[in-house]
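Engineer: fold the following for me, if possible:
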Amino acid sequence: MTSKQWFIQMCCLAGLLLGVSFNSNAAPNNKATIYVIIDDIGYRHTDDQALVLPNEVTLSILPHTPLAEALANKAHGQSREVMLHLPMAAYSDKTLGPGAITPQMVPEEISYTFANAINSVPFAIGVNNHMGSELTASEEAMTLVMQQIKQRNLFFVDSRTTPNSVAQEVAQQQHVPNARRHVFLDHELTEDFMQSQWQRLIRLAKHNGQAIAIAHPHPESIAFLLQKLGNLDTEHIELRPISHYFRQGSSQALFTAEGAVLPATPIAPR
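Structural biologist: Below is the predicted model of the structure:
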């Protein structure tokens, strides 16, 4: 055996002992994570286009909508996670739709409305707010909502439709697993805007280790996400289902640290 052959064998043996892979294509262990939620699901027959996205993308479905049950069942059949997209009172003139929670409701009304809403979306494991700029700013109302969420062992993702939201503070008080949206990908349906928001999502994920995006089932959004989610390896990013966020026990850390350093994308209250 030549000295060169001996040296190569010793290097390989050392690599095996140290757990080092010599495969240049091996995935890095320090990938950042993104979570993508598609909400506003349930009214349009084109909403089922969201089912072509990777199964790690979560669907959040509006209650009592014509396609809620069918799309929830299809998503579950793909092993895709499902959430309830719960309408909440807002400072806008847009229609909230059925199943909405308002601050004028007494506790019994909130309990009844929430129970019917969650029962209309099979397999829902969590909740995020549809609109909600008024309700999520009310500590009293959100306490009642979080009690309903806690009773069913669900989690809550604050869509952050207002900077005045107290939803996460109340969730912490009620010991409800919670998170927040960091980026809205498509509240402007242009390639330039979505590209800018996507880059923001990637920056946030790399800075904090993970980040949550919300998008909608517009054909333009689905096409954009199909392209971007198919190239995550080049960004050293991984896509995970939203439940993974809570299995890590990371909601408290991100809740306390993220806002002052990297605030969520500002939007008009809705």
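Engineer: residues near the closest residue to His236 other than its chain neighbours, how many?
Structural biologist: Distances taken as C-beta to C-beta, 6 or more residues apart in numbering put Lys31 closest to His236, at 5.3 Å, once the chain neighbours are dropped. For glycine as for every other residue, the C-beta is placed from the backbone atoms N, C-alpha and C. By other C-beta atoms under 10 Å, 17 other residues sit near Lys31.
Engineer: same deal with Thr136?
Structural biologist: Residues near Thr136, counting by other C-beta under 10 Å: 27.
Engineer: which residues in the stretch 1-150 of the chain form helices?
Structural biologist: 3-18, 68-77, 107-119, 139-151 (DSSP state H, counting those that start in this stretch).
Engineer: export the following helix or strand past the last one as CSV, just CAs?
Structural biologist: The one in question is helix 139-151. Next in sequence after helix 139-151, counting helices and strands by DSSP states H and E, comes strand 155-158. Extracted C-alpha coordinates of strand 155-158, given in CSV (Å, rounded to 0.1, in the frame of the first residue of the first chain):
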residue,chain,number,x,y,z
PHE,A,155,-53.3,26.0,18.4
PHE,A,156,-53.8,29.6,17.2
VAL,A,157,-51.9,31.5,14.5
ASP,A,158,-52.5,35.3,14.6
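Engineer: strand 155-158 pairs with which strands, parallel or anti?
Structural biologist: When pairing is defined by DSSP bridges, strand 155-158 lines up against strand 124-131 (parallel), strand 178-180 (parallel).
Engineer: can you list the ones you listed in JSON lines and add distance to Ala223 and mean neighbour count?
Structural biologist: Converted to JSON lines, the strands paired with strand 155-158 look like this (distance: least, C-beta to C-beta, whole Å; neighbours: other C-beta atoms under 10 Å):
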{"stretch": "strand 124-131", "distance to Ala223": "23", "mean neighbour count": "25"}
{"stretch": "strand 178-180", "distance to Ala223": "27", "mean neighbour count": "24"}
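Engineer: could those strands be laid out in TSV, adding mean pLDDT?
Structural biologist: Below are the strands paired with strand 155-158 laid out as TSV (pLDDT from 0 to 100):
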stretch	mean pLDDT
strand 124-131	98
strand 178-180	98
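Engineer: nearest to Met146, of the ones you listed?
Structural biologist: Among the strands paired with strand 155-158, strand 178-180 comes nearest to Met146, with 8.6 Å by C-beta to C-beta.
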